[in-house]
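J.: Model the structure of this input:
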Amino acid sequence: MGCGRSVDKILRPLSTTRHQYYLGTGLHTLGLLGWILGQTGPADVYVSTFSTSDAFLSGFLRLKKKGLIRHAILVADLKASRKTVQLCQLMQSCFDTVCLSMNHSKVVLVQNDHHMVTSISSQNQTYGDRAECTMVTTSKEAFLTYYNGLQEVSLYKSIILDELFGRITQQNRNKSIGTNEPHGNSIPGGG
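T.: Below you'll find the predicted structure:
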């Protein structure tokens, strides 16, 4: 992590304080997520971001392979989808569902039977040396507020990446055989 500091030197354990705040350099979302999961144990993870990176996704996949992430959903920005498409296979390895939406929020939610942790940050899932602000809370109310907001965005105002690629694949098949009519099973979400 930047500046050679660990999350433990920046934040206190989740069990000792309900709300924590930080503004500065050296605290990145992936390190923060690993730190949270180290305290909660295996959990479901919901990530909302404008933009993500290969480094974040590779680290996320390592956390998943360690068994710390049970179920994961990503809500990324539709306008940043050119970059997103380049990372789509890695994203689909990390997340059970990837949603593209008009989204600029940067929230990470971690939940299991014993914990509800919310991290709100100015940082995308990228790395840099700029100062960023972060708030971490174990408030159930905060978690449910952001969870409900993400659910609203992901269920009603987004495109599911698998469905998008399914439609594109079907359209390409139709073009190659000279028809615009769908063949076989219908594509989820229309087609």
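J.: quick check: longest strand of this structure.
T.: Longest strand in the chain, counting residues (DSSP state E): strand 69-77.
J.: Relative to that strand, what are the paired strands and their orientations?
T.: Applying DSSP bridges, strand 69-77 is found paired with strand 43-49 (parallel), strand 97-101 (parallel).
J.: Out of these, which is closest to T137?
T.: strand 43-49 (14.7 Å; C-beta to C-beta). C-beta here means a position set from N, CA and C on the backbone, and glycine is covered the same way.
J.: which helices and strands does the following helix or strand past that closest one pack with?
T.: Next helix or strand after strand 43-49 toward the C-terminus (DSSP states H and E): helix 54-65. Here helix 54-65 touches helix 29-40, strand 69-77, helix 88-94, going by 3 or more C-beta pairs under 8 Å, 6 or more residues apart in numbering; DSSP states H and E.
J.: hmm, 10 Å instead?
T.: Contact analysis of helix 54-65 by 3 or more C-beta pairs under 10 Å, 6 or more residues apart in numbering; DSSP states H and E lists helix 29-40, strand 43-49, strand 69-77, helix 88-94 as its packing neighbours.
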